[in-house]
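# okay, here's the prediction I keep looking at, along with the sequence it came from:
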Amino acid sequence: MHSLKSLHQRIREAFSDTRFTHEPLQLYQPISYTLDLGGKRLRPVLVLMSCDIFGGDIEKAVYPAMGVEIFHNFTLLHDDIMDNAPLRRGNATVHQKWDTNTAILSGDTMFVIAYEHVAKTDPAMLPQVLDLFNDTARKVCEGQQYDMTFETQDNITIPDYMQMIRLKTAVLIACSLKLGAILANTGQAKAEKIYDLGIELGLAFQLQDDFLDAFGDTAKFGKAIGGDIATNKKTFLFIKAFELAKGDTLANLSNLFAGNGITGPEKTEGVLEIYRELKIDELTRIEIEYHHTRAMEILESFHFEPAKTREMTDLMQEMLGRER
């Protein structure tokens with residue numbers, strides 16, 4: 001059984017040994033730049049962790065795990081273009097550092113490179129792996145489209161939102177866990193069950209991100225608070241607040257999100273005050289805990305030996321920014 005620390009190290013080594021120095025440099029430099037920005041590499045670690053807990057050889061999972069991470073970063077690169085985001089992980093986004101056309105083309109190339117890595121799977125398992133990867137890639141794109149569509153709609157419900165984040169965020173986390181199970185040659189029932197765990201974990205993960213955007217510590221989480229509020233993003237918190245607000249509170253909330261000359265810190269503080277009044281912070285924590293608990297129940301149902309359960313639990317805690 002590999003430790004969580006050693007799995008993180010194996011992924012770091014894999015990416016440090018990979019260089020994109022082909023010609024033309026204008027195409028490949030943005031790819032290297034994007035991947036060098038780092039991040040926690042949680043999805044490839046999930047692949048290795050799942051492979052390991054089901055008794056597989058993690059070395060056979062390294063390339064597919066890298067493919068998942070490269071695909072994830074491709075989606076972030078294109079998301080930044082769509083959102084016109086200036087920063088990613090505290091650094092200039094690719095379309096800002098180079099230009100939009102370069103960012104689009106480099107992102108497309110990352111998509112191809114992701115498939116090249118996934119295709120290095122054991123040939124006996126490759127059809128099943130590609131089916132999973134293709135299905136996931138399609139769903140992530142569907143989730144992104146729902147996210148963009150929601151920007152112009154005023155009647156988004158909590159179930160609508162949960163379905164969107166299931167597609168945009170949770171399915172790639174679920175894919176990572178199922179991929180590891182497939183590569184360990186475990187049975188279909190176990191692979192489907194670990195996928196379900198990933199869905200619950202992914203929902204909790206995205207809800208936690210929503211929560212931290214409003215109530216997080218800027219110094220600890222590395223980004224300014226209130227970005228979703230500033231852009232009127234329809235998060236769980238936004239939708240729940242409009243669901244619960246009445247009378248003057250509803251009028252004030254609508255006025256804040258309508259703009260009407262209220263922007264910047266004044267808007268953020270005004271919205272957060274209403275969120276606290278409506279106990280949106282507490283309700284969001286309850287929803288996060290609900291999905292985390294469901295994920296833990298699935299994990300416990302496998303009856304892994306305690307060391308395996310502990311390492312997986314630690315990874316889940318890491319994803320949710322918690323300390324044991």
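Noted; the coordinates are in hand.
# use CA for all of it now, contacts and neighbours both
Fine.
# longest single helix anywhere in this protein?
Longest among the helix segments of the chain by residue count, using DSSP state H, is helix 188-215.
# buried residues, it. List them.
191-214 (16 or more other Cα atoms under 10 Å).
# and for stretch 246-257?
For stretch 246-257, burial by neighbour count (16+ other Cα under 10 Å) applies to 249-250, 252-253, 256-257.
# off-centre distance for it?
Stretch 246-257 sits 31 Å away from the centroid of its parent chain (Cα atoms, centre = their mean, to the nearest Å).
# how much space separates residue 205 from residue 51?
21 Å (Cα to Cα, to the nearest Å).
# do the same with residue 141
26 Å.
# can you tell me which of the buried residues of stretch 246-257 is nearest residue 134?
residue 257 (37.8 Å; Cα to Cα).
# tell me how many other residues surround residue 242.
Neighbours of residue 242 under the rule other Cα atoms under 10 Å: 17.
# in which helix or strand would I find it?
helix 236-244 (DSSP states H and E).
# what comes up buried for that helix?
Going by 16+ other Cα under 10 Å, helix 236-244 has these buried residues: 236-242.
# residue 235 contacts residue 209, doesn't it?
No - counting by Cα atoms under 8 Å, residue 209 is not a contact partner of residue 235; they are 9.8 Å apart.
# so residue 169 belongs to a helix, correct?
Yes - under DSSP: H, G, I helix; E, B strand; the rest coil, residue 169 sits within a helix.
# and the residue nearest to it when sequence neighbours are not counted, what's its pLDDT?
Leaving out its chain neighbours, the residue that sits closest to residue 169 by Cα to Cα, 6 or more residues apart in numbering is residue 202, at 6.2 Å. Per-residue pLDDT puts residue 202 at 98.
# residues in contact with residue 202?
Contact partners of residue 202, counting by Cα atoms under 8 Å, 6 or more residues apart in numbering, are 166, 169-171, 173-174.
# which one of these is nearest residue 280?
For these, the nearest to residue 280 is residue 166 (20.8 Å; Cα to Cα).
# and the gap between the closest one and residue 215?
In terms of Cα to Cα, residue 166 sits 22 Å off from residue 215.
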